[in-house]
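below are the sequence and a predicted model; questions follow.
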Amino acid sequence: MTRPRRPAAPRPTATRPPTSRPPGRTDPRRPSPRRIPAQPPPHPAELFTELLLLVLSGQRPVHAVARHIAHTAYDDLVRLAELLPLRSVGGHRPAVQRVGHYEVRPGVFEVFARVGAGPALRALAFRLHLGDDERWRCTAVEVAGPGIRRH
């Protein structure tokens, strides 16, 4: 014969105040959320330098940046990309070492960058124009360095 089961005794519960503060804290203020300082957006010169590096090293096709290139700069970029002037040298992947820019007039920047791949250094220069649609476009591009033939 089985004995009838007794109802389970209620378990003791921790007494916690209805607020969200930790137990033992008497200060009614809530901790302020951590604020991460806002980073300024990267300059268009830095963004375009990375895009052009990817194309001129053969890591991206030219048409991947076509909407960011204007006028005859696209034709120049196609010719340069065929030469792969910023390709890897001795197994070293090319990397941007320094980027600088000069504002010729409002909305127009001359940009210069030093690109290294192992012991080889190359110079990349291009011009950026801010269009009426508030988009930056590259309007000229050149690469210089040892072993690069100029047209």
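Yep, that arrived. Numbering: from 1, shown residues only.

distance of the residue nearest the centre of the chain relative to residue 113?
Centrality entry for the chain: nearest residue to the mean C-alpha point is residue 47, 6.6 Å, by CA atoms, centre = their mean. Per CB to CB, to the nearest Å, residue 47 is found 12 Å from residue 113. C-betas here are computed from N, CA, C, even on glycine.

next, residue 95: phi, psi?
Per-residue torsions, residue 95: phi -140, psi 140 (degrees, to the nearest 10).

any idea how far residue 58 is from it?
Distance from residue 95 to residue 58, by CB to CB: 15 Å.

in the longest helix anywhere in the chain, what's buried?
Secondary structure of the chain read by DSSP state H shows that its longest helix is helix 44-56. For helix 44-56, the neighbour count (16 or more other CB atoms under 10 Å) marks 44, 45, 48, 49, 51, 52, 53, 54, 55, 56 as buried.

include pLDDT and distance to residue 121 when you put those residues into a markdown table, please.
Shown next, in a markdown table, are the buried residues of helix 44-56 (pLDDT from 0 to 100; distance: CB to CB, whole Å):
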| residue | pLDDT | distance to residue 121 |
| --- | --- | --- |
| 44 | 94 | 24 |
| 45 | 95 | 19 |
| 48 | 96 | 19 |
| 49 | 96 | 15 |
| 51 | 95 | 20 |
| 52 | 96 | 16 |
| 53 | 95 | 13 |
| 54 | 95 | 18 |
| 55 | 95 | 19 |
| 56 | 94 | 14 |
